[in-house]
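Asker: Sharing a model prediction with you, sequence too.
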Amino acid sequence: MKALCVLVVSAVLGSLCAFGADVSPGVVKGETFEQVVQKLGVPKGKAQGGHRTTYYYDRGTVDFLTGRVERVFLITAQAAKEKIAEREKAEENSRRQAEAERVRIMTAGKAQREKMLGDKTFMTSSPVAQIAYWDDFKKQYPGVDVGAPLADAKKALASANEKDEKTEDFISLNRRAAEIEGRFKQLDQDYAASLANWKRTEIDQERARLTEELAGIKARVAEMLK
């Protein structure tokens, strides 16, 4: 009799391991997909692997083999409700922590922004250095607006580059004007030394071209000096 009781208990435990401690509302082995959905509702998700399919619910899982229920692992509705409440609480805590961190970053970022804007050494540093700082600042303090100082730094850089280009152009134009003046002297010497009419004609043509080019250079230089 004692051996029989042990066998019965073992069989019951085996059944619970295979089907879970609570299989309500009555999902049983051998039922179809449609029958399970009718009892438990549409699953939250499912996984397919060969002939086996698993349905996922808040209460647990239901395994199917070739379209029929093979195993059921479900917790009670109350336990599922408590589990969901616990998850929602954790998610709410996570949201609150994220919001607190966002506020901390915003507060620290605004303070740092004002500090840098009031730093004369920084504000008079090169535009390149300022742009690099504000670009890094945006990564460190996302959400803190530094559009205005960044735009000012980029504008200053563009102005400096334009000024450098104008300076280079000014130097280049004056260098070319000096070359033309030197060429005029050489042409005067060549003209005086040449007795061939064709050669003098070539010299006159070159002098005319250079005179026109020099006039254009002087006009551009005068415009740049305004």
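Answerer: All right, it came through fine.

Asker: hang on, Phe73 packs against Tyr55?
Answerer: No - contact criterion C-beta atoms under 8 Å: Phe73 and Tyr55 do not qualify, at 10.7 Å. The C-beta positions use only the backbone N, C-alpha and C, and glycine is treated the same way.

Asker: Give me the more crowded residue out of these two.
Answerer: Set Phe73 next to Tyr55 and count neighbours by other C-beta atoms under 10 Å: Tyr55 wins out with 22 against 18.

Asker: would you say that one is within a helix?
Answerer: No - applying DSSP: H, G, I helix; E, B strand; the rest coil, one finds Tyr55 to be strand, outside a helix.

Asker: Tell me the spacing between the closest residue in space to it that isn't next to it in sequence and Ala85.
Answerer: In space, and not counting its chain neighbours, Tyr55 is closest to Pro43: 3.9 Å by C-beta to C-beta, 6 or more residues apart in numbering. Here Pro43 is placed at a distance of 21 Å from Ala85 (C-beta to C-beta, to the nearest Å).

Asker: higher neighbour count, those two?
Answerer: The residue with more neighbours, out of Pro43 and Ala85, is Pro43; 17 against 10, by other C-beta under 10 Å.

Asker: mind checking the SS state of the residue sitting nearest the centre point of the chain?
Answerer: Closest residue to the average C-alpha location of the chain: Lys139 at 9.9 Å, with C-alpha atoms, centre = their mean. What three-state DSSP gives for Lys139 is helix.

Asker: Distance from the chain centre to the strand or helix carrying Arg176, please.
Answerer: According to DSSP states H and E, Arg176 maps onto helix 147-193. Between the centre of helix 147-193 and the centre of its chain there are 41 Å (C-alpha atoms, centre = their mean, to the nearest Å).

Asker: pLDDT (mean, whole number) over it?
Answerer: What helix 147-193 shows for mean pLDDT is 91.

Asker: Measure how the next helix-or-strand element following that helix sits relative to helix 147-193, angle-wise.
Answerer: The first helix or strand that comes after helix 147-193 along the chain, using DSSP H and E, is helix 197-224. Helix 197-224 and helix 147-193 are oriented at 160 degrees to each other (axes from the mean of the first three to the mean of the last three C-alpha atoms, to 10 degrees).

Asker: and helix 197-224, which residues are buried?
Answerer: Neighbour-count burial for helix 197-224 flags Ile203, Arg207, Leu210, Leu214, Ile217 (criterion: 16 or more other C-beta atoms under 10 Å).

Asker: Looking at these, which is nearest Leu117?
Answerer: Nearest to Leu117 among the buried residues of helix 197-224, counting by C-beta to C-beta, is Ile217 at 44.2 Å.

Asker: quick one: Gly26 is in a strand?
Answerer: No - with three-state DSSP as the criterion, Gly26 is located in coil rather than a strand.

Asker: Tell me who's in contact with it.
Answerer: Contact analysis of Gly26 by C-beta atoms under 8 Å, 6 or more residues apart in numbering lists Lys39.

Asker: Can you give me the distance of it to Ala132?
Answerer: 68 Å.

Asker: same deal with Val42?
Answerer: Note on Val42: its distance to Ala132, by C-beta to C-beta, is 54 Å.

Asker: So these two - more neighbours on which side?
Answerer: Ala132 (12 against 8).
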